[in-house]
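**Q** fold the following.
(chains A and B)
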Amino acid sequence: MTSLVEKILNGDEKSAARLISKVEEENSGAYTALSRLLPHTGKANVLGITGPPGAGKSTLAGRLAVAFADSGRNVGVIATDPTSIHTRGAFLGDRLRMKNAEKKKIFIRSMAHRGYPGGLAKAAAGAMYVLEGLGKDVIIFESVGAGQSEKGLFLLCDTIITVFTGDYGDEIQLLKAGLTEIGDILVVNKADKPGAEEAKKDLEAFSSRVNTPGDWHVPVLLTRADSGEGIEVLTDAIKRHWRFVAESGKKEQKKKEKLGLLFIALLKEEFWQRTQKRLKKNRLFKDVLSDVRSGKTDPYSAMQKVLDSLGTTNI
Amino acid sequence: MKAKAIKVLIAKPGLDGHDRGAKVVAHALMEAGMEVIYTGLHKTVDDIIRIALQEDVDVVGLSIMSGAHVPIARKYMQKARDAGIDDKMVVIGGVIPAKDIPQLKKIGISGVFPGGTPFLDIVRFIRDNLTHA
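**A** This is a model prediction of the structure:
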């Protein structure tokens, strides 16, 4: 893996692609490689895009990627799509919306979320570090696309764009936690469609955070990702927000939080993997599981029984 | 360490604008538990090489209805060697006359699936012939 790290730092895309695969496979050597890449990271501007399916996230991500590349930035995109709960297969259809990106030296990686919660794949953080190691200074994440529980996205990004369309629902949707509060910039895409102007007004009314002087004011912007209309205004807003997080010290603060939370997330996952392995060999667990399935015992007391047998030490 | 999911790129090289076949094959492979990326229409061979490299796929499937399968396959294999990704399995589907199959195999195409091939045959071929997945 040593040579892989060297090659990535020298800008070799193939090695970067390979390492991302190894991170997805949870190869322990890949984690060692990430440790070696980490000192070279932390400077990129990280942008997240979320919103409901069909709102135009991929097309918008493609437009922004090309716009930043045209202004001289080195852009990487990590696009996430859902994994089927039935077959564990996935159709990764974000990339094909990102027109012209292939010609602009933009590195795009499609990822199936493989059931991992938080809007991104488990390997997303690792992939981000790999792309930074490769020299990318703008990284765009596209989430699976619900917009309501995107913790992963929130964790990794400096700036989050939530994409709506004119038919987002009604004000009740906007009152729910998640959708409007996660966005630093709100976008009403498909601005040519009916309802877009009204949606913008609704969003402006409900997104107004309790503003203290010096706080970030969340802009609501109209775009047409298909034609490119509104993209320039949007990139300006993004750059303003990047300056804001840098100057207010929020980027530094978040970086620290990010690393702490990443550490806990990794640990939690590893604990569970190991416990699962132990449970698979555990006679009592198998018996209790079949008792729960047949209705002989309820899930709550079953859980207690297994926990008691495992003990609290020796995980 | 987790078992690797089989990752497949379905690509449309060149000018032909028919991608129903490509889409239904993509869907069938997804239903078989694979992770499938579709390039969309009108990609150059260079585009496809770049996508295959960045996505680190195990299999590249070229869907060709234009009749240009032999020159496209030859160009793809040459550029794959240049880019150092000739270790990936390459298969071709579309309108492919039986007489061209031996020539495609000679160029380095692992599997050829003319229109009408049962999905299960394609799935089985990929699973049985992938050595590194």
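**Q** which residue is nearest the centroid of chain B?
**A** Geometric centre of chain B, nearest residue: B:Gly61, 0.9 Å, by CA atoms, centre = their mean.
**Q** now do the helix or strand containing it: distance to the chain's middle.
**A** Using DSSP states H and E, B:Gly61 sits within strand B:59-64. How far strand B:59-64 lies from its chain's middle: 2 Å, per CA atoms, centre = their mean, to the nearest Å.
**Q** repeat that for stretch B:87-101.
**A** Counting by CA atoms, centre = their mean, stretch B:87-101 comes out at 8 Å from the chain centroid.
**Q** got it, and stretch A:205-225?
**A** Mean-position distance between stretch A:205-225 and its chain equals 21 Å (CA atoms, centre = their mean).
**Q** show me what contacts residue 125?
**A** Defaulting to chain A. Residues near A:Ala125 by CB atoms under 8 Å, 6 or more residues apart in numbering or on different chains: A:Leu155, A:Leu156, A:Leu262. Placement of C-beta: from N, CA and C, glycine included.
**Q** ah, no, chain B please
**A** B:Val91, B:Ser110, B:Gly111, B:Phe113.
**Q** where do the strands sit along the stretch 1-150 of chain A?
**A** For the stretch 1-150 of chain A, the strands defined by DSSP state E, counting those that start in this stretch cover A:45-50, A:75-81, A:90-92, A:107-112, A:138-142.
**Q** among the ones you listed, which is nearest A:Asn189?
**A** strand A:45-50 (10.5 Å; CB to CB).
**Q** pairing partners for the closest one, with directions?
**A** Here strand A:45-50 is paired, per DSSP bridges, with strand A:138-142 (parallel), strand A:159-164 (parallel).
**Q** and the stretch 51-200 of chain A, which of its residues are near chain B?
**A** A:83-84, A:87-93, A:95-97, A:102-103, A:107-110, A:112, A:114 (CB under 8 Å from any CB of the partner chain).
**Q** please, a ChimeraX command that selects the buried ones among these?
**A** Command for ChimeraX that selects the buried part of these, burial taken from 16 or more other CB atoms under 10 Å in any protein chain shown:
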select /A:83,88,89,90,91,92,93,95,96,97,102,107,108,109,110,112,114
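**Q** for B:Met65, state which of the contacts of A:Ala125 is nearest.
**A** Nearest to B:Met65 among those, with distances taken as CB to CB, is A:Leu156, at 41.2 Å.
**Q** buried sites along stretch A:132-151?
**A** Buried, per 16+ other CB under 10 Å, within stretch A:132-151: A:132-136, A:138-145, A:147, A:149-150.
**Q** ignore the last one, stretch A:62-80
**A** For stretch A:62-80, the neighbour count (16+ other CB under 10 Å) marks A:62-69, A:74-80 as buried.
**Q** mean confidence score for it?
**A** Stretch A:62-80 comes out with an average pLDDT of 95.
**Q** please export the C-alpha coordinates of it as CSV.
**A** Taking Å, rounded to 0.1, in the frame of the first residue of the first chain, the C-alpha atoms of stretch A:62-80 are listed here in CSV:
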residue,chain,number,x,y,z
GLY,A,62,-22.3,18.3,-12.6
ARG,A,63,-22.9,22.0,-13.4
LEU,A,64,-21.1,23.1,-10.2
ALA,A,65,-18.2,20.7,-10.8
VAL,A,66,-17.7,22.1,-14.3
ALA,A,67,-18.1,25.7,-13.1
PHE,A,68,-15.4,25.2,-10.4
ALA,A,69,-13.1,23.4,-12.8
ASP,A,70,-13.5,26.2,-15.3
SER,A,71,-12.4,28.7,-12.7
GLY,A,72,-9.2,26.7,-12.2
ARG,A,73,-10.1,24.5,-9.3
ASN,A,74,-9.3,20.8,-9.1
VAL,A,75,-12.6,19.0,-8.6
GLY,A,76,-13.6,15.6,-7.2
VAL,A,77,-17.2,14.3,-7.0
ILE,A,78,-18.5,11.5,-4.8
ALA,A,79,-22.1,10.6,-5.8
THR,A,80,-24.1,8.2,-3.7
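**Q** contact residues of chain B facing chain A?
**A** Contact residues (CB under 8 Å from any CB) of chain B with chain A: B:1-5, B:7, B:26-27, B:29-40, B:43, B:47, B:50-51, B:53-56, B:83-85.
**Q** got the contact list for residue 44?
**A** Here I'm looking at chain A. Counting by CB under 8 Å, 6+ apart, A:Ala44 touches A:Met128, A:Leu131, A:Glu132, A:Lys136, A:Asp137, A:Val138, A:Ile139.
**Q** um, chain B though
**A** B:Thr44 makes contact with B:Pro13 under the criterion CB under 8 Å, 6+ apart.
**Q** give me the contacts around the helix of greatest length in chain B.
**A** In chain B, assigned by DSSP state H, the helix with the most residues is helix B:69-83. With contacts defined as CB under 8 Å, 6+ apart, helix B:69-83 is touched by A:14, B:13-14, B:45-46, B:48-49, B:52-53, B:60, B:62, B:64, B:86, B:88, B:90, B:92, B:94, B:96, B:100, B:103-104, B:107-109.
**Q** what mean pLDDT does stretch A:283-300 have?
**A** For stretch A:283-300, the per-residue pLDDT averages 93.
**Q** residues of it that come out buried?
**A** The neighbour-count check on stretch A:283-300 (16+ other CB under 10 Å) flags A:Phe285, A:Val288, A:Leu289, A:Val292, A:Thr297 as buried.
**Q** hmm, who's touching it?
**A** A:Leu279, A:Ala302, A:Lys305, A:Val306, A:Ser309.
**Q** and the third one, backbone torsions?
**A** So that's A:Lys305. Per-residue torsions, A:Lys305: phi -60, psi -50 (degrees, to the nearest 10).
**Q** could you find the closest non-adjacent residue to it?
**A** For A:Lys305, ignoring the flanking residues on the chain, the nearest one in space by CB to CB, 6 or more residues apart in numbering or on different chains is A:Val288 at 5.6 Å.
**Q** got a list of what A:Ile160 touches?
**A** A:Leu47, A:Gly48, A:Ile49, A:Thr50, A:Glu150, A:Leu153, A:Phe154, A:Ile182, A:Gly183, A:Asp184, A:Ile185.
**Q** run the last query once more with 6 Å
**A** Applying CB atoms under 6 Å, 6 or more residues apart in numbering or on different chains, we find A:Ile160 in contact with A:Gly48, A:Ile182, A:Gly183, A:Asp184.
**Q** look up the closest residue to it, ignoring the ones flanking it.
**A** With CB to CB, 6+ apart, the residue lying closest to A:Ile160 is A:Gly48, at 4.3 Å.
**Q** spit out the contact partners of the one you found.
**A** When contacts are counted by CB under 6 Å, 6+ apart, A:Gly48 touches A:Phe141, A:Leu153, A:Cys157, A:Ile160.
**Q** noted, bye for now.
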